[in-house]
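Student: One predicted model, sequence on top.
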There are 2 protein chains.
Amino acid sequence: MFSKATEYALRATIYIAQKSSVEKKLSLAEIATAIDSPPSFTAKILQLLTKDNCVINSVRGPNGGFYITEKSKQLPLKKILEAVNENDLFEKCILGLKKCSETKPCPLHFQYKPIKQELIHLFQTNTIQELSEKADNESLFINNSI
Amino acid sequence: MFSKATEYALRATIYIAQKSSVEKKLSLAEIATAIDSPPSFTAKILQLLTKDNCVINSVRGPNGGFYITEKSKQLPLKKILEAVNENDLFEKCILGLKKCSETKPCPLHFQYKPIKQELIHLFQTNTIQELSEKADNESLFINNSI
DNA sequence: ATAATTAAGGACAAAATTACCTTTAATTAT
DNA sequence: ATAATTAAAGGTAATTTTGTCCTTAATTAT
Ligand code: FES
Ligand code: FES
């Protein structure tokens, strides 16, 4: 479904929203361990999420690391997809036609359309905070290691 | 969403179901042109679909080519996904956890679940024939070139 | 039989994705 | 000021996916 990059971006952001604050920043090492992702690759993805501080924030130096503001927690998951450039995934034709269109639809278009809408809705309505709260629940996980 | 291989497999099978019969086989060249895919790569994918004659059939030699039987047209699209080994896509965790499970669900699991069911349903209930009939309709396309 | 045609199969190449590593810049603590 | 710590940035490497090419096998037509 999603690329590894996007999966790591989603898991990392949820983890950061769960565990960080301006006072308690998280290091790359901690994040990568927590979400079971390759540290160096994760670093690149966190950079994307930090660009223009659009999703998460970072500071360098001792006690530095990554964190997310309360305001950013209110952003929809869609923002994460945008940050890693996988935003247009749900706009694409399921059969790979160059353009998904109503005027030149593929034979699956009209059946796929409502499903696509639900997927878009899922990522537009759920905020980072909501997901992190779900993950806080003892029975929900973002750790991949088991 | 799907890999290129899967997209080509779906488009090729639909095209073959539209245009072929035991008497009128389609050459690789025609198929690749029709669905706008790289011929040699498409050849590999058609081989997968032909393995054990599970989805399409082929014969070599002059006037040879690919075709599909009336019986195979009754197969669900799912069979195409199986043939190209992308069958388990809808079983996977949307956040990339090693296992999508009810006992250790990710924070999106329960919201994604019904959508996943609809996707599975889409590919299990639609037959190759149904899709090819839709594609026969003047207003539905599997040609990528425009 | 021979030649022509077509898919099958295998090796190879290019491109994209994923992953790693090293240096630099920023920040903090001493 | 200096040293230590941490992310940023850039380059490189491994892997996977996508795409090509060439030879072989099967079939047909002559
Ligand atoms: S044209 Fe294929 S999904 Fe819209
Ligand atoms: S555990 Fe993530 S979708 Fe099921």
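Tutor: Received, thanks. Note that the structure is predicted; figures quoted are calculated from it, not measured. Ligands and ions are numbered 1, 2, ... in the order given.

Student: just checking, residue A:89 is part of a helix?
Tutor: Yes - residue state for residue A:89 (DSSP: H, G, I helix; E, B strand; the rest coil) corresponds to a helix.

Student: pLDDT wise, what is it at?
Tutor: We have a pLDDT of 93 for residue A:89.

Student: Same check on residue A:52?
Tutor: Residue A:52 is given a pLDDT of 72.

Student: May I see the buried residues of stretch A:118-130?
Tutor: In terms of neighbour count (16 or more other CB atoms under 10 Å in any protein chain shown), stretch A:118-130 has its buried residues at A:118-119, A:122-123, A:126-130. Yep, even glycine has a C-beta here, placed from its N, CA and C like the rest.

Student: meant to ask about stretch A:12-32, not that
Tutor: A:12-20, A:25-26, A:28, A:30-32.

Student: ok, now stretch A:103-110?
Tutor: Neighbour-count burial for stretch A:103-110 flags A:104-109 (criterion: 16+ other CB under 10 Å).

Student: Residue A:27 and residue A:62: what is the separation?
Tutor: Applying CB to CB, to the nearest Å, the value for residue A:27 to residue A:62 is 11 Å.

Student: Next: residue A:7.
Tutor: For residue A:7 relative to residue A:62 (CB to CB), the value is 30 Å.

Student: anything in stretch A:131-146 sitting right up against chain B?
Tutor: Yes - judged by CB under 8 Å from any CB of the partner chain, stretch A:131-146 comes into contact with chain B at A:131-132, A:134-135, A:139-144, A:146.

Student: thinking again about what came up before, so residue A:7 and residue A:62 - more neighbours on which side?
Tutor: Set residue A:7 next to residue A:62 and count neighbours by other CB atoms under 10 Å in any protein chain shown: residue A:7 wins out with 23 against 6.

Student: how about the more buried one, what does it touch?
Tutor: By CB atoms under 8 Å, 6 or more residues apart in numbering or on different chains, the contact set of residue A:7 is B:95-96.

Student: quick one: the helix or strand harbouring it to chain centroid distance?
Tutor: For residue A:7, the element it lies in under DSSP states H and E is helix A:4-19. In terms of CA atoms, centre = their mean, to the nearest Å, the centre of helix A:4-19 is found 6 Å from the chain centre.

Student: what's the average pLDDT for that helix?
Tutor: In this model, helix A:4-19 carries a mean pLDDT of 96.

Student: immediately after that helix, which helix or strand?
Tutor: Taking DSSP H and E as the definition, the helix or strand right after helix A:4-19 is helix A:28-35.

Student: ok, residues contacting that next one?
Tutor: A:8, A:11-12, A:15-16, A:19, A:37-39, A:42-43, A:46, A:65-66, A:142-144.

Student: do it and DNA strand D meet?
Tutor: Yes - Helix A:28-35 lies within reach of DNA strand D by CB under 7 Å from any atom of the strand, at A:28-29.

Student: just how off-centre is that helix within its chain?
Tutor: Counting by CA atoms, centre = their mean, helix A:28-35 comes out at 15 Å from the chain centroid.

Student: and if you look at stretch A:61-74?
Tutor: Here stretch A:61-74 is found 15 Å from its chain centre; the criterion is CA atoms, centre = their mean.

Student: can you list contacts of that stretch?
Tutor: A:13, A:16-17, A:20-22, A:24-28, A:30-31, A:46, A:50, A:53, A:55-59, A:127-129, A:132.

Student: end to end, how far does that stretch reach?
Tutor: End-to-end distance of stretch A:61-74 (CA to CA, to the nearest Å): 27 Å.

Student: tell me the mean pLDDT for it?
Tutor: 96.

Student: just to revisit the earlier point, just the closest of the buried residues of stretch A:118-130 to residue A:92, please.
Tutor: Nearest to residue A:92 out of those is residue A:119 (CB to CB; 11.4 Å).

Student: Grab the nearest non-local neighbour of residue A:136.
Tutor: residue A:18 (5.9 Å; CB to CB, 6 or more residues apart in numbering or on different chains).

Student: which residues touch the one you found?
Tutor: Residue A:18 touches A:132, A:135-136, A:142, counting by CB under 8 Å, 6+ apart.

Student: re earlier: show the buried residues in the contacts of helix A:28-35.
Tutor: Using 16+ other CB under 10 Å as the threshold, A:8, A:11-12, A:15-16, A:19, A:37, A:42, A:46, A:65-66, A:142-144 are the buried ones among those.

Student: Go back to the contacts of stretch A:61-74 and keep what's next to ligand 1.
Tutor: By CB under 6 Å from any ligand atom, no member of the contacts of stretch A:61-74 lies near ligand 1.
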